[in-house]
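Colleague: Fold the following for me, if possible:
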Amino acid sequence: MGLPHITEPVIHCARLDLHHLAADDLITLYEDPDDSTIYRAHEYHNPFRVLMEKDSPVRWRVPQVLANPASNKWFIRWIVLRETNEIIGSLSFHAPPDERGMLEIGLGVHPKFQRNGYAREALIGMWMWASEQPGVKVFRYTVDPNNEPSVGLVRGLGFTHVGQQIDEEDGPEDIYEMTVNDFCNQNLL
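Modeller: Numbering: from 1, shown residues only. This next block holds a predicted model:
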């Protein structure tokens, strides 16, 4: 099956570039994480092996993309530190916008680069891009209530706690949401 090699434009943040992973490269990353062909056309590299473990979120995105290749627009972006061209993390929406226009995001930053504001910068960049897409009305961020840095991050961005859910893999998660309108009316940069 020939999946398209289509990528969304790079999102440029202050220190980071968010590079979209094409559907065919997503499949390659899942099937053979050590296949370096997915990096050849780019200046960035993956010395910290971001998303190369079998339990990475790639395993959830692959079935979604195989079912609907157009859904890949919403999925994985590498977080690339512009200064070194190193992939230091990734982020992805969990699915295209649902019937109420809600997008839930997930992200991970390699431990070596945590607590430097990169997660905040990447989230703002990704949400700003998504705010310009048709039909997107609500942003959602779910987090383990004991993950104090992530809770502080989402609260610091002005998100409201709207409930809790039980994630099959991660257990209890607090749910935070904000309308796209409210997000865009903040002076976050």
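Colleague: Low-confidence ranges, the protein, go.
Modeller: Along the chain, the model assigns pLDDT under 70 to residues 1, 187-189.
Colleague: C-alpha coordinates for stretch 86-96, CSV please?
Modeller: Output of stretch 86-96 as CSV, limited to C-alpha atoms (Å, rounded to 0.1, in the frame of the first residue of the first chain):
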residue,chain,number,x,y,z
GLU,A,86,18.4,17.4,17.0
ILE,A,87,15.0,15.9,17.5
ILE,A,88,14.4,16.4,21.2
GLY,A,89,10.7,15.3,21.4
SER,A,90,7.5,15.0,19.6
LEU,A,91,3.8,16.0,19.8
SER,A,92,0.6,14.9,18.1
PHE,A,93,-3.1,15.4,18.3
HIS,A,94,-4.8,12.2,19.3
ALA,A,95,-7.3,12.3,16.3
PRO,A,96,-8.8,14.8,13.9
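Colleague: Show residues contacting it.
Modeller: Among residues not part of stretch 86-96, those counted as contacts by CB atoms under 8 Å, 6 or more residues apart in numbering are 18, 44-48, 50-51, 57, 60-61, 64, 71, 73-81, 103-110, 112-113, 118-119, 122-123, 126, 130. Quick note: C-beta positions are derived from backbone N, CA and C, even for glycine.
Colleague: next one: stretch 125-144
Modeller: Residues external to stretch 125-144 that are found in contact with it (CB under 8 Å, 6+ apart): 8, 11-13, 16, 18, 77, 91, 93, 97, 100-106, 123, 150-151, 154, 159, 165, 167, 170-181, 183-184.
Colleague: Also stretch 180-189?
Modeller: Against stretch 180-189 from outside (CB under 8 Å, 6+ apart): 14, 101, 124, 127-128, 130-131, 136-139, 157-158.
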